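Student: take this sequence and fold it.
(one chain, ligands or ions: 2)
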Amino acid sequence: MPGRLSDAYRNHPVHVHVHDKHLDFNSVQELPDSYAWAPLDEYPSGDSFSAESVPVIDLTDPNAMKLVGHACKTWGAFQVTNHGIDTSLLDDIEWAGRSLFSLPVQQKLKAARSPDGMSGYGLARISSFFSKLMWSEGFTIVGSPLEHARQLWPNDHSKFCDVVEEYEKEMKTLATRLMWLMLGSLGISKEDIKWAGPKGEFKGACAAVQLNSYPACPDPDRAMGLAAHTDSTLLTILYQNSTSGLQVLREGTGWVTVPPIPGALVINIGDLLHILSNGSYPSVLHRAMVNRTKHRLSIAYLYGPPNSVHISPLSKLVDPSHPPLYRPITWSEYLGTKAKHFNKALSSVRLCAPLNGFIDTNDNNSVEVG
Ligand SMILES: O=C(O)CCC(=O)C(=O)O
Ligand SMILES: [Fe+2]
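Tutor: Ligands and ions are numbered 1, 2, ... in the order given. Coordinates of the predicted model:
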């Protein structure tokens, strides 16, 4: 069993050969066949702007916990405002992402992610499950950004590093606060989760920062920025710039766009919270679409438990009529499972069929696994 997060892909290296497949997006006039996904869906993609979207929750609202609980149960995602993160820090992280992705391809490839590595520049990790390529590029940072930043900017990386480190610090605080809003809404208190520590600070929690870039695309209706997936996290905090593209799947409605709101952050429930809540808070299936004229940038803060912790359904949420649905698993072990089974990973750690007929999001989506 892998011990550290960075060991997660050692047994399941993901061979997406960035050197062979990398496209200089800006020089392309027509969508190459290798990027043409149409027809895209079995789910309707309604006029997403007029449709109801995920709840927007003001974290200073006295009812915030109740609102968060309702959003987790019904959507698996929500947006937060008054979250305590300065707009200037959001501007700074957007600047950091833009600086990185606007480098020449050959420069970015100096910090390429290795097949069994977690951090660095490359195509989306989930690319290996699809026969078509995604119209995006990404950069993953785990812990200190220094090593890769040095490869990208040998003499001039300190501002990038400072911004990323500040962002990691602030996101960690917000993630802790969100965890307790979510857990509190399930009736879980600090005494119920030993690994959260006596003050509930989740010391030793692990996280990664994922910078995503979606260049303007000549044929956006046939292209896919990031294919449908759930996150392998407890929760994800996503900052998106002013260009829309994120969609979440809502049962009965189809794909719903999560509109960018200046200064707001999107919160997604990940698979590990799905397990911890014994399926009460299902992880949300989401994807990113691309735009004909506008470049889109998103920054995901992927938050998970300390490496040594086995996540399993909380005992307070388990009783004879609600048996534990999932076996205990560490984050790195789950990432290995995801690298092997992708959207079937959650089902692969399930112990028994749910008594209430609840079906995993991951069971009823038919993704193209090629
Ligand atoms: O770009 C987005 O809106 C989604 C990004 C995402 O889902 C991810 O990084 O896991
Ligand atoms: Fe995601």
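
Student: going forward, measure contacts between C-alpha atoms and count neighbours the same way
Tutor: OK.

Student: beta partners for the residue of the stretch 201-350 of the chain found nearest ligand 1?
Tutor: The minimum distance from the stretch 201-350 of the chain to ligand 1, using C-alpha to the nearest ligand atom, falls at Leu246 (4.1 Å). Beta-bridge partners of Leu246, counted by DSSP bridges, are Ala288.

Student: how close does the residue nearest to the spatial centre of the chain sit to Ser144?
Tutor: Centroid-nearest residue in the chain, with C-alpha atoms, centre = their mean: Asp231, separated by 4.5 Å. Separation of Asp231 from Ser144 (C-alpha to C-alpha, to the nearest Å): 22 Å.

Student: how about Gly254?
Tutor: 39 Å.

Student: what segments of the stretch 101-250 of the chain are strands?
Tutor: With strands called from DSSP state E, counting those that start in this stretch, the stretch 101-250 of the chain shows them at 120-122, 137-141, 206-214, 226-229, 235-240, 246-250.

Student: who wins for proximity to Arg327 among these?
Tutor: Set against Arg327 and scored by C-alpha to C-alpha, the strands of the stretch 101-250 of the chain come closest in strand 235-240, at 19.1 Å.

Student: partners of that closest one, with directions?
Tutor: strand 265-269 (antiparallel), strand 296-304 (antiparallel).

Student: how far does that strand sit from the chain's center?
Tutor: Distance, stretch centre to chain centre, for strand 235-240: 7 Å (C-alpha atoms, centre = their mean, to the nearest Å).

Student: can you list the weak-confidence ranges in the stretch 251-370 of the chain?
Tutor: For the stretch 251-370 of the chain, the stretches flagged by pLDDT under 70 are 353-370.

Student: which stretches of it form helices?
Tutor: Assigned by DSSP state H, counting those that start in this stretch, the helices in the stretch 251-370 of the chain fall at 271-276, 331-341, 345-348.

Student: can you redo these as JSON lines with distance to ligand 1 and mean neighbour count?
Tutor: Output for these, formatted as JSON lines (distance: least, C-alpha to the nearest ligand atom, whole Å; neighbours: other C-alpha atoms under 10 Å):
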{"stretch": "helix 271-276", "distance to ligand 1": "12", "mean neighbour count": "26"}
{"stretch": "helix 331-341", "distance to ligand 1": "13", "mean neighbour count": "22"}
{"stretch": "helix 345-348", "distance to ligand 1": "15", "mean neighbour count": "20"}
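
Student: near ligand 1, which residues of the stretch 201-350 of the chain? Just list them.
Tutor: Proximity of the stretch 201-350 of the chain to ligand 1, by C-alpha under 6 Å from any ligand atom, involves residues 210, 212, 231, 246, 287-288, 298, 300.

Student: of those residues, keep whichever come out buried.
Tutor: Buried by 16 or more other C-alpha atoms under 10 Å: 210, 212, 231, 246, 287-288, 298, 300, out of these.

Student: okay, the closest residue to Gln29 other than its chain neighbours: pLDDT?
Tutor: The shortest distance from Gln29 to any non-neighbouring residue, by C-alpha to C-alpha, 6 or more residues apart in numbering, is to Pro218 (6.3 Å). At Pro218, the pLDDT value in this model is 93.

Student: now for Pro218, how many residues are close by?
Tutor: Number of residues near Pro218 (other C-alpha atoms under 10 Å) recorded here: 19.

Student: next one: His322
Tutor: Residues lying near His322 (other C-alpha under 10 Å) number 12.

Student: name whatever forms a beta bridge with it.
Tutor: Under DSSP bridges, the beta-bridge partners of His322 are Asp319.

Student: switch to numbering from 10
Tutor: From this message on, residue numbering opens at 10, which makes the last subject His331.

Student: for it, give its distance to Lys82.
Tutor: 16 Å.

Student: same for the longest helix seen in the chain, what does it pack against?
Tutor: Ranked by residue count under DSSP state H, the longest helix found in the chain is helix 167-194. Under the contact definition 3 or more C-alpha pairs under 8 Å, 6 or more residues apart in numbering; DSSP states H and E, helix 167-194 sits against helix 73-83, helix 96-110, helix 155-161, strand 244-249, strand 305-313.

Student: repeat that with 10 Å
Tutor: helix 73-83, helix 96-110, helix 155-161, strand 215-223, strand 244-249, strand 274-278, helix 280-285, strand 305-313 (3 or more C-alpha pairs under 10 Å, 6 or more residues apart in numbering; DSSP states H and E).

Student: Gly263 and Ser153: who's more crowded?
Tutor: Using other C-alpha under 10 Å as the criterion, Gly263 and Ser153 rank with Gly263 on top: 17 against 14.

Student: residues contacting the closest residue in space to Asp228 that isn't next to it in sequence?
Tutor: Closest residue to Asp228 apart from its sequence neighbours, by C-alpha to C-alpha, 6+ apart: Leu40 at 6.0 Å. Residues in contact with Leu40 (C-alpha atoms under 10 Å, 6 or more residues apart in numbering) are 34, 144, 226-229, 231-232.

Student: in those, find the pair that's most separated.
Tutor: So, the contacts of Leu40 by C-alpha to C-alpha: farthest apart are Phe34 and Arg231, at 15.2 Å.

Student: hey, C-alpha coordinates of the helix or strand encompassing Val89 in PDB?
Tutor: Using DSSP states H and E, Val89 maps to strand 86-90. Taking C-alpha atoms only, strand 86-90 is exported to PDB below (Å, rounded to 0.1, in the frame of the first residue of the first chain):
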ATOM      1  CA  ALA A  86     -21.600  21.400  -5.000                       C
ATOM      2  CA  PHE A  87     -22.200  25.000  -4.100                       C
ATOM      3  CA  GLN A  88     -20.600  28.400  -4.300                       C
ATOM      4  CA  VAL A  89     -19.500  30.400  -1.300                       C
ATOM      5  CA  THR A  90     -19.200  34.100  -0.800                       C
END
